[in-house]
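1. Any chance you could fold what I've pasted below:
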Amino acid sequence: MEDLTILYEDNHVIVVLKPQNIPSQADVSGDTDMLTIIKEYIREKYDKKGNVYLGLVHRLDRPTGGVMVFAKSSKAAGRLSEQLRDGDFEKRYYAVLVGEPKEDKATLSNYLKKNSINNMVYLCTATEDGAKKAELSYEIIEKKGDLSLADVRLHTGRSHQIRVQMAGINCPVYGDMRYGGEKAKKGKLALWAYYLAFSHPVSKERMVFRVEPPHDETPWKLFDTEKAVTIIKPNA
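-> Modelled structure (predicted):
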């Protein structure tokens with residue numbers, strides 16, 4: 001079984017750190033995925049027989065690392081999914097951008113369309129078939145040369161959303177050759193889900209988790225994310 005970093009676990013939820021380049025769930029690659037890794041952990045730890053239930057509440061793109069929560073019961077999965085729909089489920093990311101946005105703080109609203117054949121997402125107009133609205137807010141919190149560290153908050157959960165919207169303002173995520181081309185620079189994708197907040201599906205207690213990106217890796221080691229983080233108020 002792959003190494004698993006558990007941030008929190010009880011009878012209802014398990015919060016883990018997803019490493020970069022591991023799928024959230026099984027895909028065409030056939031590579032080991034987080035859902036399978038955690039199911040195997042539960043099976044072994046609790047000596048479970050037969051099928052192990054584990055609900056996938058949200059996803060992170062394969063090259064994105066960071067905090068994820070999984071549901072250990074169908075009731076918990078339903079309540080967390082409801083929070084996700086209602087906006088009570090907060091996800092924040094650090095993204096190292098190549099370039100400097102015209103505005104240090106802004107909200108981006110676009111329409112995105114996914115091509116399932118090549119698994120690419122494109123900016124499109126609202127009237128195009130399959131168009132889905134995508135919205136995020138970002139704030140530039142540090143700059144180093146031609147790189148900018150952005151604190152990004154998602155308001156919608158579209159596939160590849162941050163990568164596509166940032167490339168759309170000509171500030172691609174570092175290492176994102178797929179959407180940023182040569183400008184993005186070669187390297188590991190610098191996109192990290194550092195913050196997750198939700199209400200516990202049973203106790204209703206507000207659960208807040210924060211994990212720093214790998215400070216020993218380029219380009220993260222250029223920035224001081226511990227000092228840069230802003231105070232976050234749920235639902236603010």
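2. Grab the longest strand from the chain for me.
-> Longest strand in the chain by number of residues (criterion: DSSP state E): strand 132-144.
3. Which neighbours in the sheet does that one have, and how are they oriented?
-> strand 105-115 (antiparallel), strand 147-154 (antiparallel) (DSSP bridges).
4. what's the following helix or strand after the last one?
-> Remark: after strand 147-154, the chain's next helix or strand is helix 161-168, criterion DSSP states H and E.
5. Show me what that next one is packed against.
-> strand 90-98, strand 105-115, strand 120-124, strand 132-144, strand 147-154, helix 177-180 (3 or more CB pairs under 8 Å, 6 or more residues apart in numbering; DSSP states H and E). The C-beta positions use only the backbone N, C-alpha and C, and glycine is treated the same way.
6. now the most far-flung residue of the chain relative to its centre: how far from residue 43?
-> Distance from the C-alpha centroid of the chain peaks at residue 49, with 31.9 Å (CA atoms, centre = their mean). The spacing between residue 49 and residue 43, counted by CB to CB, to the nearest Å, is 8 Å.
7. Likewise for residue 109?
-> Counting by CB to CB - residue 109 and residue 43 are separated by 43 Å.
8. Name the residues of stretch 124-133 that are buried.
-> Neighbour counts over stretch 124-133 (16 or more other CB atoms under 10 Å) mark 124, 131-132 as buried.
9. residues making contact with that stretch?
-> Contact partners of stretch 124-133, identified using CB atoms under 8 Å, 6 or more residues apart in numbering, comprise 109-114, 156, 158.
10. and if we set it to 6 Å?
-> Contacts to stretch 124-133, defined as CB atoms under 6 Å, 6 or more residues apart in numbering, come from residues 111-113, 158.
11. just stretch 208-227 next, same as before
-> 7, 15, 17, 67, 94, 96, 142, 144, 147, 149, 174, 190, 192, 194-197.
12. just the buried members of those residues?
-> Buried among these (16+ other CB under 10 Å): 7, 15, 17, 67, 94, 96, 142, 147, 149, 174, 190, 192, 194-197.
13. re earlier: what's the most buried one of the helices and strands packed on helix 161-168?
-> strand 90-98 (a mean of 24; mean count of other CB atoms under 10 Å).
14. Check which helices and strands it sits against.
-> Counting contacts by 3 or more CB pairs under 6 Å, 6 or more residues apart in numbering; DSSP states H and E, strand 90-98 is packed against strand 147-154, strand 191-199.
15. And the average pLDDT for that strand is what?
-> Strand 90-98 shows a mean pLDDT of 96.
16. again, but for stretch 113-129
-> Mean predicted lDDT for stretch 113-129 stands at 94.
17. Could you list the low-pLDDT ranges of the protein?
-> Along the chain, segments meeting pLDDT under 70 span 1-2, 227-236.
18. switch the cut-off to 50
-> Scanning the chain for pLDDT under 50 picks out the ranges 1, 228-236.
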